[in-house]
Structure formats: structure tokens, C-alpha cells
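Participant: A predicted structure for the sequence below; I have some questions about it.
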Amino acid sequence: MDLLLLEKTLVGLFVATILAVIISTLRGRKFKLPPGPFPVPIFGNWLQVGDDLNHRNLTDLAKKFGDIFLLRMGQRNLVVVSSPDLAKEVLHTQGVEFGSRTRNVVFDIFTGKGQDMVFTVYGEHWRKMRRIMTVPFFTNKVVQQYRPGWEAEAASVVEDVKKNPEAATSGIVLRRRLQLMMYNNMYRIMFDRRFENEEDPLFQKLKALNGERSRLAQSFEYNYGDFIPILRPFLRGYLKICKEVKETRLKLFKDFFVDERKKLGSTRSSDNGELKCAIDHILDAQKKGEINEDNVLYIVENINVAAIETTLWSIEWGIAELVNHPEIQKNVRDEIDTVLGPGHQVTEPDLQKLPYLQAVIKETLRLRMAIPLLVPHMNLHDAKLGGYDIPAESKILVNAWWLANNPANWKNPEEFRPERFLEEEKHVEANGNDFRYLPFGVGRRSCPGIILALPILGITLGRLVQNFELLPPPGQSKLDTTEKGGQFSLHILKHSTIVAKPRSF
């Protein structure tokens, strides 16, 4: 280590220690803070709880300290809420007060310090971005416009799996083909483009860059530098890689998709009645001066991560649970055959006729929530929550996974039992009508992608189950469903090999 850097670091730590003690003393007099483990100077609770702040670890802390508790992570206040009533306060009743997003050294890079929609602070920019994104992405009109494409992509998956001789014997990693399907689903909406196969060089490059972006953003490795600014010099290498990945991705989006669409738009008539794709609407907003080119690229950035990956994780979890519960898989298949008739392929309008399939999707989203802590919230100003004072710019985490898996609120929550959504929980929906079940959040900062995710999940799982018997690979009785968590995410640790035996009708 450079001696000068070491000297500056030690001096900085000493000064920060003195300031932390003074601030802690003053704050203790001023605020009635939520309970939590006692913080130490500089590090707060970081040395006690570690930086792996996933939903299960935070659940354990909630059992010890209560439904609202405070962690002091270096210089950051982290408030965790774990009850439906407190979740309602954060997401709905005080949705404006807690409607902002926290800053983060890595997400600042990937979003241009909040030039996107998902991670920008609550205010005029967020309202403008939300409005601009809603029309081309998140309406029933969009669902009806693109559902034939989603159904065609699912049919293509079915045909490709049938053609693969290994699928019915030793098995295949089905996720790889489903990943291509999800990219095609969203790139149809965004750019009216699709990739022909998994070997497409542009698809390979896009997939690799998006995967690296997710790895870097979801890792816990950079927390020490985010929590304790004096340690950020040690993050230089990490942040340099983040910047390189960000710049390469945005250039790819611009050169191969956004600029290509601009050229196409400049050569066609504006009144030819052709349906617009999402980027056309967004570029119209840029022409009107509502947003700039960077905003356009960061919208594309958001969709590449938020819309594609989270839905793919949920599909993968759903398949794994159906393989591990063959009786539930049979119930889904029997329902489809009975209601639609053998061989009638599931379409989006059919989903309303298939309550058991819908219950399987709800149960997957409950037990295996893709974003178990939701996207973090922040209060710009001092606020009150649960009778406690919440200092300005605190990071607020809603442990939505624990809300949906707390045995005090759910019957045998550790079981994968879709029947609960047909029986005792039949009135509970994924749209946030019950604060015990918030897979997409609720309120101003809820995930608008629910309107796309649910039909894609239904079409995909429905088509797979009605066309194949899905089994674990030879020699295994079940798939490994060990979880892999990140800063926000929950996905399966090992991508499963699935045996898919075609059915005959």
C-alpha cells in the first residue's frame, strides 16, 4: 500500500472516529431511534452483522430487535421494516416522504447518478420518466399488442426443446433457451427486434455485458467503500471496471439499437399507420426536449436489467418448484387439458380460465421473490415511522420476503402450496392489495413491470407444462434450489438441468 495513502487513511479514520462519537452523542439526544445492535465508531454495526444484508439475515435480526430496527452501516443509516403495517406506512401512507432512492457508489455509475427511472430520487424527474416509460411499456394496450409475439417465442422454445435429443434423456439447462426468449420478448417491445438463436454474436455480447453488470451491481464486495467513504480509495479498481462495463453497454445500446431505430424513423413516413415500438415513443420525448440522450440510454439500461432478468429468475424458480413437486405439475397439466382441451396451446386470454396455474405463479412469487427486499427507499427529510425518528437520507428496506413467509401471517409458509391462493388466501393478488404479499411492491415506486411479467410467466410455464413432463436429470430425485442472493436479488444458485419429455396429444 502507498505510504502516503496509508497515512491519509489513518488520519481520516481518527478524525472520523471523533466526529462519529460527537454526532452519535448529539443524535442520541435529538432522535428517538429504532432499536438495533449498538454501533461502534466508524464502522457502526458493519463489523457485527457483516455486509451480506440479505432477506434471511435481516429476518433473523427482525426476530431479535422487532418489526423495525436500525443498523448503522459505517456512515449510513439502514432501517429495516418487517411488518405489513409498517410496509404500508413506507410504501403507501407516507409514500411521498419515503419515495426517494438511496445513492450507491456502483449504481451511481450504472445509472449516471440517477438519470434513469428506477434509481432516481422522488421528484419531477422521476414523474417525467415514469410517464414517458408507461405508454410504450406498461399498459394493457402494450400487452395486447405484443402477446402474439410472446406466444410465438414460447412456441419456439417448445419446438427447440423437442428437437434437442438430449432434452428427453440426460436433460438440458433450459434457462439458456428461456434467456433468449426473454430477450426477444423485451427487444420486440423496445426495438421491434429479435435474435434468431443463442449463437447470434450481438446477443452473446449483450448477454455477457448485462451479466457482468448484474454481477458487479449485486455483489456485496463494494459495501465497505460505500458505507465508509474514507475507504473508497480501495475501491478504485472495482469502480474502474464498473465504469468500463457501463460505457461499453451504453455504446452498444446506442450504436446497434437506438441509432439504428433513429435511422429507420428518418426514412419512413410518420403517417403510415405502422405501430410504434417503445424506443420510438421515447425518442419522440427526446425530440420534444423532455429528456436528453443519456436519459434515453438509461431507460434502455433499466429495461435490460429490471424487466428481463427478474422475470427470467421467476420462470426458473417456477420450473424448479414444478419439477420438485410432480403432483403440482400434474395438477397444472390436468387443468390446462380439461379447460382448454388437449393440445390447445395456452394463450394470454386463456390465463384467466386457469386459476390453478395462476396460483402456482403467485406461490412462486411468494416463496421465491425475485426482489425480496424490494428496491431500497429513502427519506429526503427527517421523518417518523412506527413511533421512531428516522433521520434524513436513511436507507429503508422493506423485507417483503419475510412479510410473505412469516408463520404469524401465513399457514405453513415454508411449503410450496399453490392451493393457499385458492383457499384461505384466495383474495390475495400480486398487485399489492394485501401488504403481506408485495412481490412487485406497491404505491408510487412499485414495479410497473407487473403488467408484463404475469402474462409472460403464465404463457411460458403453461406451454412448458402442457407440452412436456418436466423431471430432474437421471440419478437425481430433486433439483437443487439453493438460493443465491445479492444486494436486491434472489435467484437460484445453480442453473438446473431439466429433463423435458415431450407429451403426445
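Facilitator: Cool, got the structure.
Participant: May I have the residues that are in contact with Trp150?
Facilitator: When contacts are counted by Cβ atoms under 8 Å, 6 or more residues apart in numbering, Trp150 touches 185, 348, 455-456, 459. C-beta here means a position set from N, CA and C on the backbone, and glycine is covered the same way.
Participant: ok, how many other residues are close to the nearest residue to Glu153 once chain neighbours are set aside?
Facilitator: Closest residue to Glu153 apart from its sequence neighbours, by Cβ to Cβ, 6 or more residues apart in numbering: Met181 at 4.7 Å. By the other Cβ atoms under 10 Å criterion, the neighbourhood of Met181 contains 21 residues.
Participant: Which strand or helix spans Met181?
Facilitator: helix 174-191 (DSSP states H and E).
Participant: Dump that helix to CSV, restricted to CA.
Facilitator: What follows is helix 174-191, C-alpha atoms only, in CSV (Å, rounded to 0.1, in the frame of the first residue of the first chain):
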residue,chain,number,x,y,z
LEU,A,174,-33.5,-24.9,-20.1
ARG,A,175,-32.7,-21.5,-18.7
ARG,A,176,-30.3,-20.8,-21.6
ARG,A,177,-33.1,-21.1,-24.1
LEU,A,178,-35.5,-19.2,-21.9
GLN,A,179,-33.0,-16.3,-21.6
LEU,A,180,-33.1,-15.9,-25.4
MET,A,181,-36.9,-15.9,-25.2
MET,A,182,-36.9,-13.2,-22.6
TYR,A,183,-34.5,-11.0,-24.6
ASN,A,184,-36.7,-11.4,-27.7
ASN,A,185,-39.9,-10.6,-25.7
MET,A,186,-38.5,-7.3,-24.4
TYR,A,187,-36.5,-6.4,-27.6
ARG,A,188,-39.6,-6.8,-29.6
ILE,A,189,-41.2,-4.2,-27.4
MET,A,190,-38.2,-1.9,-27.2
PHE,A,191,-36.8,-2.0,-30.7
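Participant: The helix or strand Asp284 falls within - contacts with which helices or strands?
Facilitator: In this structure, Asp284 is located in helix 278-287 according to DSSP H and E. Secondary-structure packing of helix 278-287 (3 or more Cβ pairs under 8 Å, 6 or more residues apart in numbering; DSSP states H and E): helix 124-137, helix 174-191, helix 259-267, helix 293-302.
Participant: now do 6 Å
Facilitator: Packing contacts for helix 278-287, counted by 3 or more Cβ pairs under 6 Å, 6 or more residues apart in numbering; DSSP states H and E, involve helix 124-137, helix 174-191, helix 293-302.
Participant: can I get the ones you listed in CSV with mean pLDDT?
Facilitator: Output for those, formatted as CSV (pLDDT from 0 to 100):
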stretch, mean pLDDT
helix 124-137, 92
helix 174-191, 97
helix 293-302, 94
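Participant: How are the helices of the stretch 251-400 of the chain distributed by residue range?
Facilitator: For the stretch 251-400 of the chain, the helices defined by DSSP state H, counting those that start in this stretch cover 259-267, 278-287, 293-302, 308-324, 326-340, 355-367, 400-403.
Participant: Just give me the neighbour total for Asn406.
Facilitator: Neighbours of Asn406 using other Cβ under 10 Å come to 19.
Participant: meant to ask about Arg147
Facilitator: 17.
Participant: Tell me which helix or strand it sits in.
Facilitator: Per DSSP H and E: helix 140-163 holds Arg147.
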